[in-house]
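K.L.:
Provided below for reference: sequence and predicted model.
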Amino acid sequence: MLRILSIVALLLAGCAPIPPTPQDLQARQFNAVPGKSVIYVVRTPMDSRETGSLAIDDREQITTLGGTYYRWEVAPGTHRIVGVGPSNASITLSTTAGGVYFLEHTVIGTLRSGPQLQSLRQVSDQQGRTLVLRSVLL
């Protein structure tokens, strides 16, 4: 019985969450940046285990995993975010200086077939903050 309890304790210890990095803690403050727009891309926590790649304005690319998020600081204006690879996900945001925006990124696929479908949608400030707080910074 003691051996079983020891094994269970070891397994539970292995599931302990990784503490957030200083960059993650900073990003979770949701601070606006003077003269810039902030765009959070948050991957849905319970979607596929497959990676999903996105590009902003055809110049910077990121790859997300379930339960992760990324914070882009960009010049105010119109920005197009598109899925890379076998995806037609895209969204165009018109942003303002000092604005903070949240996008939910969902990827559907399997280990066998890879990512098959990606979607992007803008979510409310409250919903976006909740998703970020449940996620880990890339």
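P.N.:
Sure, I can see it. Numbers count the residues shown, from 1 in each chain.

K.L.:
quick one, strands of the protein?
P.N.:
37-43, 52-56, 60-64, 68-74, 77-84, 90-95, 100-110, 114-123, 136-137 (DSSP state E).

K.L.:
and the angle for the first one with strand 77-84?
P.N.:
Spelled out, that is strand 37-43. In terms of direction (axes from the mean of the first three to the mean of the last three C-alpha atoms, to 10 degrees), strand 37-43 departs from strand 77-84 by 20 degrees.

K.L.:
so what are the sheet partners of strand 37-43 and their directions?
P.N.:
Pairing partners of strand 37-43, with direction, according to DSSP bridges: strand 68-74 (antiparallel), strand 100-110 (parallel).

K.L.:
out of the ones you listed, the one nearest Gln126 is which?
P.N.:
Gln126 lies closest to strand 100-110 among the strands paired with strand 37-43, at 9.2 Å (C-beta to C-beta). Where you see a C-beta, it was placed from the backbone N, CA and C, and this is true even at glycine.

K.L.:
dump the closest one to CSV, restricted to CA.
P.N.:
This file holds the C-alpha atoms of strand 100-110, laid out as CSV (Å, rounded to 0.1, in the frame of the first residue of the first chain):
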residue,chain,number,x,y,z
VAL,A,100,-5.7,46.0,-26.5
TYR,A,101,-7.3,43.3,-28.6
PHE,A,102,-7.9,39.6,-28.1
LEU,A,103,-8.1,36.8,-30.7
GLU,A,104,-9.1,33.2,-30.0
HIS,A,105,-7.2,30.8,-32.1
THR,A,106,-8.6,27.2,-32.6
VAL,A,107,-6.8,24.3,-34.4
ILE,A,108,-8.5,21.1,-35.2
GLY,A,109,-6.6,18.1,-36.4
THR,A,110,-5.1,14.7,-35.3
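
K.L.:
alright, that wraps it up for me.
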